[in-house]
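Trainee: I'd like to go over a predicted model; first the sequence, then the structure.
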Amino acid sequence: MSIAYTYLMTLIGMNQYDKAKILFDTYDIDEISDELIGDAFDHETDILYQFVCYLIEQQETVKLHELAFGLLIHPFCHYDRAYYRAYDHVQRTVALTHRQEVAFLEYLLFLAEVPDQVTPKQEARAVANEILRMEPKNRVAKNFLKGMN
């Protein structure tokens, strides 16, 4: 772990989001996302998720919504209504990608199968069929529809 990354985590922990954003912007989000999600397991609060929401408010991007989703379904899944908040992030991601990214559509199917069954079954069935129109051999969509019967 670099000194800069440690400093970033310190700034986030101190709620100094303006300064943390400047440092965060120097990173490639694809390279830092896994590390942030891993570190979130060690925190007793959802401060990293709050920081990502702050970043989304500053400049909404697919990558930030995807990071927020990852935080909510992994380290913060036990938080009240975490899957519902994850659903909101997936809905924005799907909208921002104009429903053209199968991976994000698959997230909706995942959220139909979590204990809270967040994605309504009717919507999930329509999404699975949408995925199959885009990728006729998609295993996730096929297995989802098979499980519904």
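Mentor: The structure has been received and is ready for your questions.

Trainee: residue nearest the centroid of this protein?
Mentor: residue 69 (1.6 Å; C-alpha atoms, centre = their mean).

Trainee: dump the residue contacts of that residue.
Mentor: 86, 89-90, 93, 107 (C-beta atoms under 8 Å, 6 or more residues apart in numbering). C-beta: built from backbone N, CA, C; applies to glycine.

Trainee: excluding chain neighbours, what is closest to it?
Mentor: residue 89 (4.5 Å; C-beta to C-beta, 6 or more residues apart in numbering).

Trainee: distance of residue 48 from residue 42?
Mentor: According to C-beta to C-beta, to the nearest Å, residue 48 and residue 42 sit 10 Å apart.

Trainee: swap in residue 32?
Mentor: Residue 32 sits 16 Å away from residue 42, going by C-beta to C-beta.

Trainee: before we move on, the earlier item: checking the residue nearest to the centre of the chain next. Helix, strand or coil?
Mentor: helix (DSSP: H, G, I helix; E, B strand; the rest coil).

Trainee: when residue 48 and residue 42 are compared, which one has more neighbours?
Mentor: Taking neighbours as other C-beta atoms under 10 Å, residue 48 and residue 42 compare with residue 48 leading, 21 against 8.

Trainee: perfect, that will be all.
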